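Chemist: one predicted model, sequence on top.
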Amino acid sequence: MTEMETPPLTPPKRVFIKTYGCQMNVYDSDRMADALAPHGYMPTQDVAEADLVLLNTCHIREKASEKVFSELGRLKELQGERRALGGDMMIGVAGCVAQAEGEEIARRAPVVDLVFGPQAYHRLPDMLARAEGQRHMHPSLKKPVIDTDFPEEDKFAHLPAAKKEVILARGLTAFLTVQEGCDKFCSFCVVPYTRGAEVSRPVSQVLDEARRLVDAGVKEITLLGQNVNAYHGRDAAGRSVGLGELAYLLAEIAGLERLRYTTSHPRDMDEALIAAHRDLPLLMPYLHLPVQSGSDRILKAMNRKHTSAEYLTLIERIKQARPDMALSGDFIVGFPGETDQDFEDTLTIIRETGYASAYSFKYSTRPGTPGANLANQVAEEVKTERLHRLQELVNAQTTAFHASCVGKTLPVLIERVGRMPGQVGGRSPYLQAVHLDGPNELIGAIHEVEIIGTSTNSLVGRLKQAVAA
Ligand code: 5AD
Ligand code: SF4
């Protein structure tokens, strides 16, 4: 386009952000959008009209990172189409794959303009300006802007807050990262390398962000951290505050109705946090507490630092504090050296715990982790077979858990219109989707709902209380 043809008003630029992996990446993608908004980039859901595409990537398992390279192939074609029409498309790779394989991405995928890790999001506008400066260079001179440093400064303090209407458009529930990184070094896991050492945000920063969310209309906050219950933020007096104490402080925010946190490590479920579950009705009775394996031998090799018996005792203590507590978990099958008996022990702990839901994965070798150097890798077909058996057991438990809700009355946060006209939908305390007949006016609040049935992945309910006119 020549200068003569340039329209008098610059239309907003469009950014398309694709998020892979965990909830923390969902939170981070929103922060990136917030950081770009003051620089004229508006979010779009349509990749074809994007001036900037950001892939917020996940490195936790091999498949997750491979997806990024195939997506880059597709984007290259789209970029070509846009250029043929006189436009352009910048491409950035963010997140944990960028952190772990920044140079490799730049080498394998020259289409990429920007590569930056999770600790650099607050520098995004600056990186973008530098990348834009390279846009018209000859391809042989162009180099992607790479930022995978772990900065000293507090990234969160430099990220702008979202506007009220943006928060509300994102929904009645929100994520809030309180802790990042991990010092546990489970032998299968890349997180301590991609997200770095454990860092907790100061208490006042967390409370301010929570108040802003609630002020904009958010009813439910999920606190996020790779090791969220290891949270130890400083308060104004410089004292270290744990997640249990933080929950009591958040419970004082008027208008905040539900609080959750994920992901927890069994070793960090301390007395204060269990007491918070006993005392705070807003703390939802649904806990994601991964155990990974039920075999003590494998738990040791995984460097999980607890036994299966300790896990079961912990569950008992938590259920004593909050009898309606339900659990979800993560499991890895086929960790190096896992025998049939080890796997049977995993099935046993699943039966003894009884999960409302669980995620399960085949062990995937991650470069740089201690697990990658272990002998006795388990054959792929054995992993497949074990995963299948484990998932059958867990699926049966999930179905049984849904069925056990029928006849109960549960508080449901009604969030949206339903699938059918005249229906609305929301979530139970256990994150189950619940559908019921009712007017749209129910949306935005928690209502008592009698569960009258189940369908494939959701519950069917009937409104208990009439809505006040
Ligand atoms: N292979 C398979 N699963 C893994 N997870 C983490 N690392 C690996 C790996 N190398 C699983 C764990 C963790 C979840 C987020 O992903 O179960 O809890
Ligand atoms: Fe990974 Fe273990 Fe840390 Fe969880 S606790 S992020 S599995 S190293």
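Modeler: That came through fine. Ligands and ions are numbered 1, 2, ... in the order given.

Chemist: what's the neighbour count on the residue in the stretch 1-150 of the chain positioned nearest to ligand 2?
Modeler: Closest approach of the stretch 1-150 of the chain to ligand 2 (Cβ to the nearest ligand atom) occurs at I60, with a separation of 8.2 Å. All C-beta atoms are positioned from the backbone trio N, CA, C, and that covers glycine. By other Cβ atoms under 10 Å, 20 other residues sit near I60.

Chemist: surely it touches V190?
Modeler: Yes - counting by Cβ atoms under 8 Å, V190 is a contact partner of I60 at 6.5 Å.

Chemist: okay, and the common contacts of the two?
Modeler: Common contacts of I60 and V190, defined by Cβ atoms under 8 Å, 6 or more residues apart in numbering, comprise C96, R366.

Chemist: any part of stretch 333-352 near ligand 2?
Modeler: No - figure legend: stretch 333-352 not in contact with ligand 2 (Cβ under 6 Å from any ligand atom); closest approach 12.0 Å.

Chemist: chain center to that stretch: distance?
Modeler: The chain centroid and the centroid of stretch 333-352 are separated by 26 Å under Cα atoms, centre = their mean, to the nearest Å.

Chemist: contacts for that stretch next, please.
Modeler: Contacting residues not belonging to stretch 333-352 are listed as 188, 291-298, 301-302, 308, 311-312, 329, 331, 358, 360-363, 371, 374-378, 382-383, 386-387, 389-390, 393-394, 397 [Cβ under 8 Å, 6+ apart].

Chemist: let's see which of these end up in helices.
Modeler: Using DSSP state H, the subset of these located in helices is 296-298, 301, 308, 311-312, 382-383, 386-387, 389-390, 393-394, 397.

Chemist: out of those residues, which are buried?
Modeler: Listed as buried from these are D296, I298, A301, S308, Y311, K383, R386, L387, L390, L393, V394, Q397; burial here means 16 or more other Cβ atoms under 10 Å.

Chemist: need the three-state assignment for R366.
Modeler: Three-state call for R366 (DSSP: H, G, I helix; E, B strand; the rest coil): coil.

Chemist: now stretch 428-447: mean pLDDT?
Modeler: Here stretch 428-447 scores 97 as its mean pLDDT.

Chemist: got the end-to-end distance for that stretch?
Modeler: The first and final residues of stretch 428-447 sit 10 Å from each other (Cα to Cα, to the nearest Å).

Chemist: returning to that earlier point: how much space between the residue of the stretch 1-150 of the chain closest to ligand 2 and ligand 1?
Modeler: The gap separating I60 from ligand 1 is 5 Å, by Cβ to the nearest ligand atom, to the nearest Å.

Chemist: name the helix or strand for that residue, please.
Modeler: Of the helices and strands defined by DSSP states H and E, none includes I60.

Chemist: just the buried positions in stretch 440-457, please.
Modeler: For stretch 440-457, the neighbour count (16+ other Cβ under 10 Å) marks L442, I443, A445, I446, H447, V449, I451, T454 as buried.

Chemist: in the stretch 301-450 of the chain, what residue comes closest to ligand 2?
Modeler: When distances are taken as Cβ to the nearest ligand atom, the stretch 301-450 of the chain reaches nearest to ligand 2 at R304, 7.4 Å away.

Chemist: hmm, back to that, I'd like the buried ones among the ones in helices among the contacts of stretch 333-352 as TSV, with pLDDT appended.
Modeler: Listed next are these as TSV, based on pLDDT from 0 to 100:
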residue	pLDDT
D296	98
I298	98
A301	97
S308	98
Y311	98
K383	98
R386	98
L387	98
L390	98
L393	98
V394	98
Q397	98
